[in-house]
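Visitor: attaching a predicted model along with its sequence, questions to come.
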Amino acid sequence: MKNSTIRMLRDMFAVDKSYMLVSLFAIPIGIINPLIDIYFLNIFLKSISEEKSISKAAIILGIMFVLNLLNLLWDGYTCSIYMPVHEKRIAFAFKSRFIEAARNFEAEKYEDPHFYDEFVISSGEASSRPILIWKSCVGFASLLASIGTIITLIISTDLYLIIFAIISAVIGLIPQMIKVKTNYEYNQENASLSREEDYFGRIIYNRSFIFDILSTNIVEVLKNKLNSCVERSIALKKRYAIKNMKAESFQSLISVAFTITTWLYIGIRIVFGYYTIASFTAMFNACNDFRSSVRNFVDVFAQFKDHKLYADKVYGFLDYKPSIDAEAGISKEFNELIELRGVSYTYPNTAIRALNNVNLTIHKGEKIAIVGQNGAGKSTLIKIIMRLYEPSEGLVTMDGVPYQDIKESSIKKTFSCCFQDFSLYSFSLGENVSMSNEYDADAVRSLLEKVNMSGYSGFIADQVNRDFDDKG
């Protein structure tokens, strides 16, 4: 597979070229601060303390003002207005692709907790990760330009300071990579806990459970479940926090050692008269800027490993190939009967059969009641008839034609189903009935009348489930 981070950048470029091109201006903008803090400040101080030239100092101040103004304009408009708007569009484009890809997953996949946890993580990453990758690329280039500028300015005065800083940066990369790996592992382990905690926390305001909450003692059970999640989450956080603390302590130790060594060296140079007030101030700022830039550079560099891990996950779902080819087979209308011949079904990763050697014939127009205890396999049977599940053994046919030889779209058109755990969406009544953006209002009205709901036929365009008001 292609490098997933590069692939994500290519896909992002196809979505919004202008965003990526405009954000490249951050690279020269990154040079402005070191120029102001080191180069122009050094000239300004020299013109005041050594050359005694007020006019030259005023010109330098004017240049510094213009450069700062450019920086403010960039932050004020581009970073605060232009970028967020385009990032919304990019996020929507990738999220839409992920929603489309979700159609390819077999229904039984959602029964697998590990798959579902990975799906939830990847779904969130699909909209945010492309932008984060590009920001890291721009930040990497911007910091590289900034560091190059600082190095050029320092070398002209003192080469040894750069040597100290480079040694510090190389050693500091090790704990930073450890932190990236630790954070990734923590997010993986925490995914199922977060989902569980979210479920128990969400029940309290879910209208489906409100009558149980008001009339029973289920709140105590809920509190105990939520408390168990929190306790496990705290234990997990502590375990990984200790790993991060060790890495951060080592990184801080390197930073302190670098700072002490640098100031000791500069102090000796001052004593022996190598630095004037202007050059000392410039080196003071240069060391601070360089240390900060190198630290940020290491952080950004380490992010790329993190980006690849998550991008791999996203494309793992986007590239998923379903076991059923939706376009394979023939188009067919249901005419006479559906047959199940020796159908058995075993859920993945289990040894228990939900269905065992089921034989059933369903004629068109026939009414059938399927009765059984909880867990007897009634819902599983319906899902196999609808081809949401593929039988582990046996065959399902429509008018004698095996399901495998019929297009999936033809089978979907044959069935309508209202499951016991159905949901009403915060859409219009017409959209809930038709499950479509575009629908025939007369057809919806006719259907409502057939199921004795003619009193609602005048509210087809009205929202049926008010999860939020007109203001959101």
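Guide: Nice, thanks for sending it over. Numbering: from 1, shown residues only.
Visitor: shaky segments in this structure?
Guide: Within the chain, the segments meeting pLDDT under 70 span 1-2, 157, 165, 169, 205-207, 324-326, 464-472.
Visitor: can you pull out the strands in it?
Guide: Under the criterion DSSP state E, the chain contains strands at 337-346, 353-363, 393-398, 401-402.
Visitor: same list (the ones you listed) but as TSV, adding distance to residue 186.
Guide: From N, CA and C alone the C-beta is placed, and that goes for glycine too. Formatted as TSV, these follow (distance: least, C-beta to C-beta, whole Å):
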stretch	distance to residue 186
strand 337-346	34
strand 353-363	36
strand 393-398	42
strand 401-402	47
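Visitor: same list (the ones you listed) but as a markdown table, adding mean neighbour count.
Guide: Below are these laid out as a markdown table (neighbours: other C-beta atoms under 10 Å):
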| stretch | mean neighbour count |
| --- | --- |
| strand 337-346 | 17 |
| strand 353-363 | 15 |
| strand 393-398 | 18 |
| strand 401-402 | 13 |
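Visitor: so which of the ones you listed is nearest residue 201?
Guide: For residue 201, the closest of the strands of the chain is strand 353-363, at 31.0 Å, according to C-beta to C-beta.
Visitor: give me the sheet partners of the closest one and which way each runs.
Guide: Strand pairing for strand 353-363, determined by DSSP bridges: strand 337-346 (antiparallel).
Visitor: what's the separation between residue 321 and residue 406?
Guide: 20 Å (C-beta to C-beta, to the nearest Å).
Visitor: of the strands of the chain, which is nearest residue 176?
Guide: Taking C-beta to C-beta, strand 337-346 is the member of those nearest to residue 176, at 46.7 Å.
Visitor: what angle do the closest one and strand 393-398 make?
Guide: Taking axes from the mean of the first three to the mean of the last three C-alpha atoms, to 10 degrees, one finds strand 337-346 and strand 393-398 inclined to each other by 160 degrees.
Visitor: format the CA atom coordinates belonging to strand 337-346 as PDB.
Guide: Taking Å, rounded to 0.1, in the frame of the first residue of the first chain, the C-alpha atoms of strand 337-346 are listed here in PDB:
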ATOM      1  CA  LEU A 337     -41.200 -17.300  -3.300                       C
ATOM      2  CA  ILE A 338     -38.200 -17.100  -1.100                       C
ATOM      3  CA  GLU A 339     -36.600 -20.400   0.100                       C
ATOM      4  CA  LEU A 340     -34.100 -21.200   2.900                       C
ATOM      5  CA  ARG A 341     -32.400 -24.600   2.400                       C
ATOM      6  CA  GLY A 342     -30.400 -26.000   5.300                       C
ATOM      7  CA  VAL A 343     -29.400 -22.600   6.500                       C
ATOM      8  CA  SER A 344     -27.100 -22.300   9.500                       C
ATOM      9  CA  TYR A 345     -25.400 -19.300  11.000                       C
ATOM     10  CA  THR A 346     -22.600 -18.900  13.500                       C
END
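Visitor: for residue 336, phi and psi?
Guide: Main-chain torsions, residue 336, degrees, to the nearest 10: phi -130, psi -60.
Visitor: got a list of what the nearest residue to it once chain neighbours are set aside touches?
Guide: In this structure, residue 336 finds its nearest non-sequential neighbour in residue 399, 5.2 Å apart by C-beta to C-beta, 6 or more residues apart in numbering. By C-beta atoms under 8 Å, 6 or more residues apart in numbering, the residues touching residue 399 are 332, 334-337.
Visitor: tell me the backbone dihedrals of residue 365, please.
Guide: Dihedral angles (degrees, to the nearest 10) for residue 365: phi 90, psi -10.
Visitor: neighbours around it, how many?
Guide: As a burial measure, residue 365 scores 6 neighbours (other C-beta atoms under 10 Å).
Visitor: distance of it relative to residue 336?
Guide: 10 Å.
Visitor: packing partners for the top helix by length along the chain?
Guide: Counting residues, the longest helix found in the chain (DSSP state H) is helix 218-271. Helices and strands touching helix 218-271, by 3 or more C-beta pairs under 8 Å, 6 or more residues apart in numbering; DSSP states H and E, are helix 160-203, helix 210-215, helix 277-318.
Visitor: can you lay out those as CSV showing distance to residue 453 and mean neighbour count?
Guide: Output for the helices and strands packed on helix 218-271, formatted as CSV (distance: least, C-beta to C-beta, whole Å; neighbours: other C-beta atoms under 10 Å):
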stretch, distance to residue 453, mean neighbour count
helix 160-203, 30, 16
helix 210-215, 23, 11
helix 277-318, 39, 20
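Visitor: closest one to residue 261 among the ones you listed?
Guide: Nearest to residue 261 among these is helix 160-203; the distance by C-beta to C-beta comes to 5.7 Å.
Visitor: how near is residue 137 to residue 6?
Guide: Taking C-beta to C-beta, one finds residue 137 at 10 Å from residue 6.
Visitor: between those two, who's got more neighbours?
Guide: Neighbour tally, residue 137 and residue 6, criterion other C-beta under 10 Å: the higher count belongs to residue 137, 19 against 12.
Visitor: hmm, that one is touching residue 8, no?
Guide: No: counting by C-beta atoms under 8 Å, residue 137 stays clear of residue 8, with 10.7 Å between them.
Visitor: can you give me the buried ones in stretch 249-258?
Guide: Buried residues in stretch 249-258, counted by 16 or more other C-beta atoms under 10 Å: 250-251, 254, 258.
Visitor: one more: stretch 81-89?
Guide: 83, 86-87.
Visitor: same check, this time on stretch 52-66
Guide: By 16+ other C-beta under 10 Å, the buried positions in stretch 52-66 come out as 57, 60, 64.
Visitor: in helices, which of the residues you listed appear?
Guide: Short answer: the buried residues of stretch 52-66 in helices (DSSP H) are 57, 60, 64.
Visitor: excluding its backbone neighbours, what's nearest the second one?
Guide: Nearest non-adjacent residue to residue 60, counting by C-beta to C-beta, 6+ apart: residue 44, 4.4 Å away.
Visitor: give the contact list for the one you found.
Guide: Counting by C-beta under 8 Å, 6+ apart, residue 44 makes contact with 57, 60-61, 64.
Visitor: contacting residues around the residue lying closest to residue 259 once chain neighbours are set aside?
Guide: Take residue 259 and drop its neighbours on the chain: the residue closest to it by C-beta to C-beta, 6+ apart is residue 291, 7.2 Å away. The contact partners of residue 291, taken as C-beta under 8 Å, 6+ apart, are 165, 168, 255, 258-259, 262.
Visitor: from those residues, which is closest to residue 241?
Guide: residue 255 (20.1 Å).
Visitor: I'd say the closest one and residue 172 touch.
Guide: Yes: using C-beta under 8 Å, residue 255 is in contact with residue 172, at 7.3 Å.
Visitor: common neighbours of these two, please.
Guide: residue 295.
Visitor: closest to residue 149 out of the helices and strands packed on helix 218-271?
Guide: Nearest of these (C-beta to C-beta): helix 277-318, 9.2 Å.
Visitor: next, the angle from the closest one to helix 160-203.
Guide: On the basis of the same axes, to 10 degrees, helix 277-318 is oriented at 40 degrees to helix 160-203.
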